[in-house]
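# below is the sequence, then the predicted model.
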Amino acid sequence: MNKVSMTVSLGTIYKRIKFWNGIFDLTSMELEVLSNLINISDPDYSDICSLNNKKKVAEQLGIEDHNTLNNYVKKLKDKGAIKYANKKYTLPRLLDPEVNKITIKII
């Protein structure tokens, strides 16, 4: 069996999400919402969908009511782009900016 190794440089959060989007099937607006939530989150990404984060992202995207983002948060969770546990939203390892090496085996 032949082994192929490749390195992909993904310099921004948006590019990282877009790279993996074949798995998550996010719309362009879902990509924007998620990348903005990640970009403004605390460095530990312990609750990316906090009220404060949603308010900031709504303002950045020109959305008048931050509660509108709840629809996107639900879609992101349903598609697996964010996880919900212990009353907090976190990132799957594929999208976590702190994970810098991922190995994929295709069979």
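Great, that's in hand.
# what helix or strand does the residue most central in space within the chain sit in?
What sits nearest the mean C-alpha location of the chain, by C-alpha atoms, centre = their mean, is Leu34, with 4.5 Å. Using DSSP states H and E, Leu34 sits in helix 28-40.
# assign the nearest residue to Ile63 once chain neighbours are set aside to helix, strand or coil.
Counting by C-beta to C-beta, 6 or more residues apart in numbering, Leu69 is the residue found nearest to Ile63 once chain neighbours are left out, at 6.8 Å. For the C-beta atoms, the positions are set from N, CA and C on the backbone; glycine is no exception. Three-state call for Leu69 (DSSP: H, G, I helix; E, B strand; the rest coil): helix.
# ok, the one 4 residues further on next?
Three-state secondary structure (criterion: three-state DSSP) places Val73 in helix.
# which residue is the nearest non-sequential neighbour of Leu94?
Leu94 sits nearest to Trp20 (C-beta to C-beta, 6+ apart), 5.2 Å away.
# what do you get for Asp96?
Tyr45 is the one closest to Asp96 (C-beta to C-beta, 6+ apart), at 6.5 Å.
# returning to what we had before: quick one: contacts of the helix holding Leu34?
12-14, 17-18, 21, 26, 45, 48-49, 53-54, 56-57, 60-61, 69, 72-73, 75-76, 79, 81-82, 91, 95, 97 (C-beta atoms under 8 Å, 6 or more residues apart in numbering).
# that concludes my questions; thank you for your assistance.
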